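Asks: Here is a sequence with its predicted model. Questions after.
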Amino acid sequence: MNRLLISGKQILQHAYENGYAVPAFNFANMENLQAIIEGAEEMNAPVIIQTTQGAIDYAGFEYLADIGIGAAQRSRVPVVLHLDHGQKYEYCLKAIQLGWTSIMIDSSLEKLAENVRKVNEVIKIARPLGIAVEAELGIIGGKEDDLKSEQDIYTEVKDAVDFYQATHCDALAIAVGTAHGIYKGTVKIDFNRIQEIREKLPIPLVLHGSSGVPLEMVSQAVRCGINKVNFDTELKLANLQALQTFMTKNPGVYDIRKMYRPCRQAMKEVVKAKIEACKATNKSWVVL
């Protein structure tokens, strides 16, 4: 079956109206992507597949478009192809040209006025085409691709309101205590801040830096108003552990088809657990 890709706005609006979060997983190769789609289909959950600029530099824009769009069109569940942490306007534009249905323009390290300007620059191109635009306000610590911050700057409620009024972005990633990469120390999420921002904004909120966050805390964030949750590092770690285990047990095997089969399965189990935590199980709908 050959379906059209789902708009990021449509999938997040469904989550917003039905009290769950769409899990968003980064992919950089075929096995990674297969694990995400298979896991979502088994859980009957809508899903967002994401590419970062680093993944694009590694695999190539066209290759990721081919496998991402192809997998989405054959999927039995709604799938959005999203550009995660797009920093350069050129990457956002190329993603739009190649068929991405959701774009994040990340100017969170800029001053507020410059963040607004850059977001509106992308919205001007994306909105007439029905492509969702996600922005970020506040600074989420840790490292994502080539973005690195040693500090956390929580999103202020008033700033979130002002930012939305200035951009009318389709979704907003907020800083509430999570961190990109491998989480260090005790996880502390400001759930009250999520609720306060949710009460003020009429758009879906996004939680970045969720790898390492206990599943119950992810679910609590969803209950407080989060409608999209990003995952990446834990899939990479599951892949690494499965590969290391296989190579230890089978040191003479060189066939990558055998090597990566358990890796794909390990990543799929992580995907399914995250879907459950996002309360997205059986939230799929018929895609025509």
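Replies: It's in.

Asks: Quick check: longest helix in this protein by residues?
Replies: For the chain, the longest helix by residue count, based on DSSP state H, is helix 256-277.

Asks: And the contacts of that helix?
Replies: Under the criterion Cβ atoms under 8 Å, 6 or more residues apart in numbering, residues 23, 25, 31-32, 34-36, 38-40, 42-43, 45, 47, 210, 215-216, 218-219, 222, 229, 231, 234-235, 238-239, 241-243, 245-247, 250, 253, 281 lie in contact with helix 256-277. C-beta coordinates here come from the backbone N, C-alpha and C atoms, glycine included.

Asks: Mind checking which of the residues you listed are buried?
Replies: 23, 25, 31-32, 34-36, 38-40, 43, 45, 47, 210, 218-219, 222, 229, 231, 234-235, 238-239, 242, 246, 281 (16 or more other Cβ atoms under 10 Å).

Asks: neighbours around residue 161, how many?
Replies: Using other Cβ atoms under 10 Å, residue 161 is surrounded by 13 other residues.

Asks: Wait, it touches residue 201, no?
Replies: Yes. Residue 161 is within contact range of residue 201, at 6.9 Å (criterion: Cβ atoms under 8 Å).

Asks: still on that earlier bit, among the contacts of helix 256-277, which lie within helices?
Replies: Mapping those onto helices (DSSP H) picks out 31-32, 34-36, 38-40, 42-43, 215-216, 218-219, 222, 234-235, 238-239, 241-243, 245-247.

Asks: ok, for residue 201, nearest residue in space, not its chain neighbours?
Replies: residue 164 (5.4 Å; Cβ to Cβ, 6 or more residues apart in numbering).

Asks: Mind telling me what element the one you found is part of?
Replies: helix 157-167 (DSSP states H and E).

Asks: Name the residues of that helix that come out as buried.
Replies: By neighbour count with 16+ other Cβ under 10 Å, helix 157-167 contains the buried residues 159, 160, 163, 164, 167.

Asks: Which residues does it contact?
Replies: 112, 115-116, 119-120, 123, 135, 137-138, 169, 172, 174, 193, 196-197, 200-201, 203.

Asks: Repeat that for stretch 106-122.
Replies: By Cβ under 8 Å, 6+ apart, stretch 106-122 touches 85-87, 89, 92, 103, 105, 133, 135-140, 147, 149, 159, 162-163, 166-167, 169, 173, 175.

Asks: taking those residues one by one, which sit in helices?
Replies: 89, 92, 159, 162, 163, 166, 167.

Asks: Rank the helices and strands of the protein by mean pLDDT and give me the bottom one.
Replies: Across the helices and strands of the chain, mean confidence by mean pLDDT, DSSP states H and E is lowest for strand 147-149: a mean of 47.

Asks: Noted, bye for now.
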